[in-house]
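*Asks:* Give me coordinates for this.
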Amino acid sequence: MIFYTENVSELSVQYNSQQFEDVHQSWQNYWPTDNKLVLDVGAGTGRDAKWFAQQGCEVYALEPNTEMRKAGALYTQADKVIWLKDTLPELTNILALGLRFDVILVSAVWMHLAPSYRERAFRKLSNLLAANGKLVITLRHGKFTDSRVSYPVSITELEGYSHCYGLQVIHTQQADDNLNRQQVSWETVVMNLPDDGSGELLKIRHILVNDSKVATYKLALLRSLVRIAEGHPGCIIDKSDGKVAIPLGLVSLYWLKQYRCLLSFPLSSVAPQNDFDSTIHHTGIQQSSNSQKGLGFVKANWHALDEVSADDVRIGAIFTGDLAKAVTGSLADCATTIRDMPVKHLWHKHQSDKHFQVIKKPVAKQPSVFIDKEYLASFGDFILDESFWQSLKVFGGWIEPLIVNQWITQMQSYSLNQSRKVTLEQYHHALKCNGLTLNGIHSLCVQESTN
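*Replies:* You can find the predicted model right below:
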């Protein structure tokens with residue numbers, strides 16, 4: 001920061017001597033047009049901010065260095081540019097405004113940000129995007145010959161963060177240095193926040209990335225719905241008034257299958273840390289932050305199915321005797337937890353505006369069970385907006401990798417999983433058992449536990 005304060009005059013001449021069109025030709029197809037809301041992060045002395053404003057955009061320019069910010073404000077004083085002091089990764093001041101931007105430019109900045117700050121910075125930048133907004137980051141390769149500090153950068157890193165936080169990499173390009181420095185080269189990465197036109201995709205992303213979670217229930221519910229929308233598009237039992245109803249028992253079935261994989265995953269046993277033997281309540285891979293409390297649906301019915309694999313509980317399966325009663329009881333227990341936990345705590349803006357509705361019906365335990373649509377519908381209805389359902393069907397391939405990334409990150413934060421030294425490979429295997437695949441996920445936001 002001292003370097004920029006001491007050299008602001010020279011840097012201002014250097015930066016502003018280059019034309020925006022030359023410096024940013026690599027992403028010309030995505031340049032913003034009239035009336036777009038643009039954020040310039042690390043705006044320097046204002047060259048790019050000025051160009052955006054002259055195209056008719058509403059521009060916010062962030063610059064942490066006081067002298068650079070003063071120079072930028074002077075350079076753009078005839079243009080519509082709002083200057084703010086803000087710093088990556090915090091971005092406190094711009095986040096406080098509650099704005100969402102059509103284009104966010106982070107030019108010649110990322111290499112200054114220490115790798116330990118980058119994931120947090122990327123998450124905050126992605127949360128500032130409007131639907132179909134573009135995040136443009138330019139990467140500088142080559143060391144500085146002065147006192148400025150830089151760190152290695154790569155497209156691969158940004159691709160990983162994009163997978164983690166629900167963006168799509170839509171353009172990359174390499175370029176030589178405009179100042180003809182032989183040791184310096186550049187790469188540009190353009191990332192897009194997908195938009196389905198209904199706003200539902202943004203709701204789904206908000207649930208996954210920003211909603212608070214003390215357990216993995218919200219993730220399990222959304223993954224169940226994605227799987228149902230992709231694998232059972234004909235499961236709808238009612239469609240009216242813009243709503244879709246699917247069998248509650250089918251949602252419970254996918255919920256049960258996922259958690260049987262996770263809770264039965266073989267791990268090395270660990271000695272209890274205190275008089276409360278948490279391993280009794282959290283076998284397999286821990287799924288909630290409270291190691292002193294078990295999961296609400298893991299009851300006698302669940303344990304009666306200990307010899308039954310996740311693959312055995314499937315559409316078309318037949319159970320008799322005690323196993324039939326345990327299957328029905330366990331699906332009912334799962335339905336109760338779904339209704340009382342994730343469904344209750346998932347809403348849009350206001351608690352009264354719930355994403356989902358559950359109408360649960362009592363189901364008598366019978367001596368034999370055939371798992372078909374009629375049986376699954378007997379548990380009741382799971383109701384959601386038709387537009388939400390369509391987003392799950394169309395964008396499931398984009399949504400599921402995001403769910404899995406967030407799920408693994410969540411599990412890595414739990415104390416028992418850390419003490420059991422669960423590896424990244426084990427998390428992946430547990431989540432893709434029984435055909436619940438990872439769809440080629442590439443993850444940088446989920447790391448091997450070091451505890």
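*Asks:* what comes up buried for the helix or strand hosting residue 358?
*Replies:* Per DSSP states H and E, residue 358 falls inside strand 356-360. Across strand 356-360, burial judged by 16 or more other C-beta atoms under 10 Å covers 356, 358, 360. Backbone N, C-alpha and C define where each C-beta goes, glycine included.
*Asks:* same question for the top strand by length along the chain, mean pLDDT?
*Replies:* For the chain, the strand reaching the highest residue count under DSSP state E is reported as strand 129-141. Averaged across strand 129-141, the pLDDT comes to 96.
*Asks:* Likewise for stretch 343-358?
*Replies:* Across stretch 343-358, pLDDT averages out at 91.
*Asks:* contacts for it?
*Replies:* If you take C-beta atoms under 8 Å, 6 or more residues apart in numbering as the criterion, stretch 343-358 is touched by 203, 207, 211, 218, 221, 248, 335, 338-339, 380-385, 388.
*Asks:* mind listing which of the residues you listed are in strands?
*Replies:* Using DSSP E, the contacts of stretch 343-358 in strands are 380, 381, 382, 383, 384, 385.
*Asks:* Out of those residues, flag the one nearest to residue 98.
*Replies:* For the ones in strands among the contacts of stretch 343-358, the minimum distance to residue 98 (C-beta to C-beta) is 24.4 Å, reached by residue 385.
*Asks:* check contacts around residue 179.
*Replies:* 14, 18.
*Asks:* C-terminal to the lowest-mean-pLDDT helix or strand in the chain, what's the next element?
*Replies:* Across the helices and strands of the chain, mean pLDDT, DSSP states H and E gives its lowest value to helix 278-281, namely a mean of 50. As assigned by DSSP H and E, the chain's next helix or strand after helix 278-281 is helix 300-303.
*Asks:* I figured residue 88 hits residue 122, correct?
*Replies:* No. Judged on C-beta atoms under 8 Å, residue 88 makes no contact with residue 122 at a distance of 9.5 Å.
*Asks:* Pick out whichever of those two has more residues nearby.
*Replies:* residue 122 (28 against 22; other C-beta atoms under 10 Å).
*Asks:* so how far is residue 49 from that one?
*Replies:* Relative to residue 49, residue 122 is positioned 22 Å away (C-beta to C-beta, to the nearest Å).
*Asks:* okay, and for this structure, where does confidence drop off?
*Replies:* Filtered on pLDDT under 70, the chain yields the residue ranges 1, 268-282, 434-451.
*Asks:* Quick check: residue 81 vs residue 11, distance?
*Replies:* Counting by C-beta to C-beta - residue 81 and residue 11 are separated by 18 Å.
*Asks:* And residue 79, by the same measure?
*Replies:* 20 Å.
*Asks:* The two: which has the busier surroundings?
*Replies:* Each of residue 79 and residue 11 has its neighbours counted (other C-beta under 10 Å); residue 11 has more, 18 against 15.
*Asks:* how close does that one sit to residue 20?
*Replies:* 16 Å.
*Asks:* unless I'm mixing things up, residue 133 is touching residue 105, no?
*Replies:* No. Between residue 133 and residue 105 there is no contact under C-beta under 8 Å: 11.5 Å.
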